[in-house]
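Asker: here's a sequence, model it:
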Amino acid sequence: MSFSTIGDALDAFKRGEFVVVVDDADRENEGDLIIAADAIDEQKMAFMIRHTSGVICAPMTDERADFLELPLMVSNNTESMRTAFTVSVDLMDGVTTGISAGDRSATVSALADFSYEAGDFARPGHIFPLRARLGGVLKRAGHTEAAVDLCQMAGRSEVGVLCEIVKDDGSMARLPDLQKFALENDLCFISIADLIRFRRRNEKLIEHFAEARIPTRYGEFTAHAYRSVLDGVEHVAYVLGDLEDAESALVRVHSECLTGDLLGSLRCDCGSQLDEAIRLIGSEGVGVVVYLRGHEGRGIG
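Answerer: Next comes the predicted model:
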């Protein structure tokens with residue numbers, strides 16, 4: 001299967017073009033037609049309706065959804081992928097029934113326009129806003145998050161437009177069909193998996209926010225505190241010695257285990273492993289303990 005590069009897809013998105021985005025075969029195994037909401041017009045909306053299921057969705061950040069006062073559609077989401085649908089909307093002024101291509105393009109354009117507020121939209125309507133998870137595809141590998149990621153990475157509005165591509169008989173288009181559709185319509189064709197890899201390679205996902213000296217019985221370490229930009233979880237790197245001048249250095253990556261590390265639980269050897277790692281680094285005079293917080297390492301302590 002031949003996919004476009006993420007760079008090419010971002011260039012297309014910047015130009016206001018559609019991109020075909022496919023997810024994994026073990027997930028929904030579908031492809032969505034995605035475009036930035038601030039690039040949509042009546043002609044593009046008509047194209048989207050003609051080649052998709054017609055259920056036009058508008059993925060957006062939580063901040064935008066909160067500003068527009070768009071609560072979740074249901075309090076108990078039992079949809080298979082937990083897609084975060086909000087109440088549906090139509091633009092109140094300048095539209096008729098809300099269902100035409102022109103009306104729907106006007107509604108999604110307004111959702112992306114910060115001059116519009118909550119009171120400018122009728123509820124329910126014919127456009128289905130979606131709330132994207134903070135962190136995008138790195139937190140949830142869904143089309144909702146892919147759309148918002150593409151918008152943000154391309155420097156467009158933080159609202160996208162998407163719908164599932166279908167075949168002429170109404171059945172869902174799968175990988176071979178999607179590739180053919182993209183080629184026939186000269187559209188970029190990417191996978192969510194490639195978008196995840198691109199973001200991991202090109203983005204700084206942690207920030208350094210503090211450091212302190214920690215004297216221990218094995219030597220004086222410097223603690224460097226980092227915060228994940230995805231979920232806010234804080235991790236610590238304990239450094240001994242000068243890493244730049246060292247030919248090699250011992251490194252221990254340790255998953256937080258409260259009961260083992262702090263209480264010395266006999267149900268695991270986490271605490272003893274951590275202590276031994278610090279002892280060995282102390283004997284070498286240089287090394288790092290990377291302490292990953294936010295989860296029990298093996299769940300047995």
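Asker: quick one, domains of this structure?
Answerer: Domain ranges of the chain: 6-202, 206-292, per automatic domain parsing.
Asker: distance check, Glu244 against Phe221.
Answerer: Separation of Glu244 from Phe221 (C-beta to C-beta, to the nearest Å): 16 Å. Yep, even glycine has a C-beta here, placed from its N, CA and C like the rest.
Asker: actually Ile6, not the one I wrote
Answerer: Separation of Ile6 from Phe221 (C-beta to C-beta) stands at 39 Å.
Asker: can you list the low-confidence ranges for the protein?
Answerer: For the chain, the stretches flagged by pLDDT under 70 are 1, 25-28, 296-301.
Asker: can you do 80?
Answerer: Applying pLDDT under 80 to the chain picks out residues 1, 24-29, 295-301.
Asker: need the strands for it, in chain order.
Answerer: Taking DSSP state E to define them, one finds strands in the chain at 19-22, 31-36, 57-60, 89-91, 121-131, 160-164, 188-191, 206-216, 219-228, 234-240, 250-255, 287-292.
Asker: which parts of the fifth one are buried?
Answerer: The neighbour-count criterion (16 or more other C-beta atoms under 10 Å) identifies 121-122, 125-131 as the buried residues of strand 121-131.
Asker: need the CA coordinates for stretch 186-197. PDB is fine.
Answerer: The C-alpha coordinates for stretch 186-197 follow below in PDB (Å, rounded to 0.1, in the frame of the first residue of the first chain):
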ATOM      1  CA  ASP A 186      -5.600  13.600  -6.900                       C
ATOM      2  CA  LEU A 187      -5.800  13.600  -3.100                       C
ATOM      3  CA  CYS A 188      -3.100  12.800  -0.500                       C
ATOM      4  CA  PHE A 189      -3.600   9.500   1.200                       C
ATOM      5  CA  ILE A 190      -2.200   8.900   4.700                       C
ATOM      6  CA  SER A 191      -2.600   6.600   7.700                       C
ATOM      7  CA  ILE A 192      -3.100   7.600  11.300                       C
ATOM      8  CA  ALA A 193      -0.100   5.300  12.200                       C
ATOM      9  CA  ASP A 194       2.200   7.400   9.900                       C
ATOM     10  CA  LEU A 195       0.800  10.600  11.600                       C
ATOM     11  CA  ILE A 196       1.600   9.200  15.000                       C
ATOM     12  CA  ARG A 197       5.200   8.300  13.900                       C
END
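Asker: can you list contacts of that stretch?
Answerer: 2-6, 8-9, 12, 17-24, 137-138, 141-143, 146, 149-150, 178-179, 181-183 (C-beta atoms under 8 Å, 6 or more residues apart in numbering).
Asker: kindly recompute the last result at 7 Å.
Answerer: Defining contact as C-beta atoms under 7 Å, 6 or more residues apart in numbering, one finds that stretch 186-197 is touched by 3-4, 6, 8-9, 12, 17-24, 137-138, 141, 146, 149, 178-179, 182.
Asker: could you do stretch 59-71 as well?
Answerer: The set of residues external to stretch 59-71 that reach it, using C-beta under 7 Å, 6+ apart, is 86-87, 111, 118, 121, 129-132, 134, 144, 147-148, 158-160, 162.
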